[in-house]
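Q: Would you be able to build a 3D model of this:
(chains A and B)
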Amino acid sequence: MSSELVIKNLHANIGDKEILKGVNLTVKPGTIHAIMGPNGSGKSTLSNTIMGHPSYTVTAGEVWYKGQNILELDVDKRAKLGLFLAFQYPVSIPGVTVANFLRAAINGHRAVEGKDTRETQIPMAQYRKDIREKMAALGVDEAFARRYLNDGFSGGEKKRIEILQMSMLKPSMAIMDETDSGLDIDALKVVSQGVNTLVQDNSEMGVLVITHYQRLLNYIKPHVVSVMMEGRIVREGGPELALELEERGYDFIREEVFGNGN
Amino acid sequence: MTLEANELEFDYSKYGFRQEENYVFKSGKGLSEAVVRELSMMKGEPEWMLKRRLQALAIFYKKPTPLDGAWGNPDLASLNYDDIHYFVRAGDKPASDWDAVPEEIKNTFERLGIPEAERKFLAGVGAQYESEVVYHSLREEWSKRGVIFLDTDSALREQPEMFKQYFGTIIPSADNKYAALNTAVWSGGSFVYVPKGVHVDIPLQAYFRINAENMGQFERTLIIIDEGASAHYIEGCTAPQYSTNSLHSAVVEIVVKKGGKFRYTTIQNWANNIFNLVTKRAVAFEDASMEWVDGNIGSKLTMKYPSVYLMGRGARGEVLSVAYAGKGQHQDAGAKMVHNAPDTTSVITNKSVSKGGGKTTYRGLVKVHPGATGSKINVNCDALILDNLSKSDTIPYIEVEEANVTLAHEATVGRIGEEQLFYLMSRGISQAEAMSMIVLGFMEPFTRELPMEYAVELNRLIQLEMEGSVG
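A: Numbering: from 1, shown residues only, chains lettered A, B, ... in the order given. Modelled structure (predicted):
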């Protein structure tokens, strides 16, 4: 059973429009893998399709993780397999506190089919201790535990809460969708540190970092960089590729891949 | 992945509430002058009450069933008044202590959790089994402070003057067809009097339920909060499922005098074959505050618009309500606020959830009479629709006859968000649990106003239905 995330010839539509046009990509365990690409290249569609967003229809291809084609699984089952998506735009749920939501998420992960949830759920004392520690580490005020999930949070607060969730749920494969968007430099540092700590604690963890800019990659250092354009992965390289993109922009790759004046 | 909300009907049979019928007295089906006379005689009522009942009966006969118009509903056409028992009495006398309550009735109450609630924090219980209160207790210190908490029949005997002074003054028989019906055949309900300056800080509670098939329940509640006094009254309802239509038609009259504060909390959970047609009205005098906290979960059709008449300067009225309509249900609920004095304030907050073909209607009236200057009105209606079968309507009537008034009105209708479901499920939460989290979160502004045990019970009920029905 491999804990590689293997994407094979993935095609996906929004409505009638094809966005992913045959994505092939492998994210290895213990690897930070960045996907860079210009706006509209299909990066967010890729992350949402992997997680199972209902607005995207898969028309062809497979996504394998831990021995299963996860495209056949419900969203919650994908999460329980160890996948986590840090949202570009986290959704607010009025009336549901961060603390209650996170406890439900943890208990959802711990639930075993056919077993009484009272046996599997996290003991309250342990949960309280965990959430306090993680909040302190991420510089999140404890008062947030009692606030409604993402309701009235600033962009930076939402992203911190995403990382808080990630550090509580301890995924084996995390997808970070434009996590740097809307973050100032201080928030960016805190969020990156949170991710790096998780990776240090779990040497088998894979991270797929989706970003438009190189900036985030100064803080979360990738082992592999893939470039996405027009719904496909068009180039793969090491960290130096990110720096080259920063310097030269995406056009040189576009020219190499699609030719001049296409 | 399908994101439809599937079945969320409340299947009452699984709660096993139905008990064998074992009544001391049960009138035949149907309504007539003879039935009303017999009922009044059985209760040993004074002559004036019999007269009042008979007058009300005449009004009931005369008024047409409100099938259309501003406050009508065509679904009332299927209500058959001849197919209802108008009076049933279980047990002989209201029992003064728990040991004296018949075993079978006790079983029913135990399923409703009364004894436990009592142990924990109940101060007074008026528990209505069928048409008459069989169990009633009141903490001693309250009686010492002059607080009266009786079933309404006893109050007519024991507090005849106060009773006659207020009965039918807030809601006259002619107010509407169902107020007339209630006045003609009322039985049971609660009577509360809180004397000047007395604060009752633990809620007064009463449980109501229907058991006999086709039996109407017409409880009558009269509450008087004297100057500067305060109290909270809680009424919770539940009933087993039967196949033919039943009718519940209550009248609740409340007077809050100068500087008094009162809250009336209801969780209505009648079985899905019951017509629940209730008239609830309060008058609030100078600087008084009246709050209706009203939850409608059950019934086939509920029509209920708790109202506050703001009669003195600085009076404040609030209605906070939540409605849930599943398959075959229509919750037609709202509020009425009538501003009759300057500097009065009203707040209406209505939240509704419809699912599986259910329908919710917010219907409300805000009326500001000339001279009610400086009045402030805030109306907020949010509807959540869980699938394509279900519906929600908002019908707000606003009549302002005074220029110097601040009025804010906001209404939203939303479908359960795919984005919200996706977000929660992406964290390992099942679809059913995600749905119930979103619904409970939506209802939270209501739930947080309930005493803890009621909040837990309400949340649990909705969670159970979600778990048992989806995926």
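
Q: List the strands paired with the helix or strand harbouring residue B:262, with their directions.
A: Using DSSP states H and E, residue B:262 falls within strand B:261-268. Using DSSP bridges, the strands paired with strand B:261-268 are strand B:230-237 (parallel), strand B:289-296 (parallel).

Q: send the alpha carbons of it over as PDB?
A: C-alpha atoms of strand B:261-268 as PDB (Å, rounded to 0.1, in the frame of the first residue of the first chain):
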ATOM      1  CA  LYS B 261     -40.500  41.100  32.900                       C
ATOM      2  CA  PHE B 262     -41.700  37.900  31.500                       C
ATOM      3  CA  ARG B 263     -40.500  35.200  29.100                       C
ATOM      4  CA  TYR B 264     -42.700  32.400  27.700                       C
ATOM      5  CA  THR B 265     -40.800  29.500  26.100                       C
ATOM      6  CA  THR B 266     -42.400  26.900  24.000                       C
ATOM      7  CA  ILE B 267     -41.000  23.800  22.200                       C
ATOM      8  CA  GLN B 268     -43.900  22.500  20.100                       C
END
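
Q: which non-adjacent residue is nearest residue B:396?
A: In space, and not counting its chain neighbours, residue B:396 is closest to residue B:364: 5.3 Å by CB to CB, 6 or more residues apart in numbering or on different chains. Heads up, the C-betas are built off the backbone N, CA and C, glycines and all.

Q: And for residue A:228?
A: residue A:37 (3.6 Å).

Q: thinking again about what came up before, so which of the strands paired with strand B:261-268 is the most packed in?
A: The highest mean neighbour count among those, using mean count of other CB atoms under 10 Å in any protein chain shown, belongs to strand B:289-296: a mean of 25.

Q: pLDDT (mean, whole number) over the very next helix or strand once past that strand?
A: Downstream of strand B:289-296, the first helix or strand assigned by DSSP H and E is strand B:301-304. For strand B:301-304, the mean per-residue pLDDT is 96.

Q: Now whichever strand or helix holds residue B:38: average pLDDT?
A: Using DSSP H and E, residue B:38 maps to helix B:33-43. Helix B:33-43 shows a mean pLDDT of 92 in the predicted model.

Q: Check stretch A:191-210 too.
A: 93.

Q: got the end-to-end distance for it?
A: 14 Å (CA to CA, to the nearest Å).

Q: Now do residue B:389 against chain A, distance only.
A: 19 Å (CB to the nearest CB, to the nearest Å).

Q: separation between that residue and residue A:159?
A: 38 Å (CB to CB, to the nearest Å).

Q: can you check residue A:117 too?
A: Applying CB to CB, the value for residue A:117 to residue A:159 is 30 Å.

Q: Compare the two and say which one has the larger neighbour count.
A: residue A:159 (27 against 12; other CB atoms under 10 Å in any protein chain shown).

Q: element containing the more buried one?
A: Assigning secondary structure by DSSP H and E places residue A:159 in helix A:155-169.

Q: Now residue A:82. Nearest residue, chain neighbours left out?
A: That would be residue A:172: by CB to CB, 6+ apart, it lies 3.6 Å from residue A:82.
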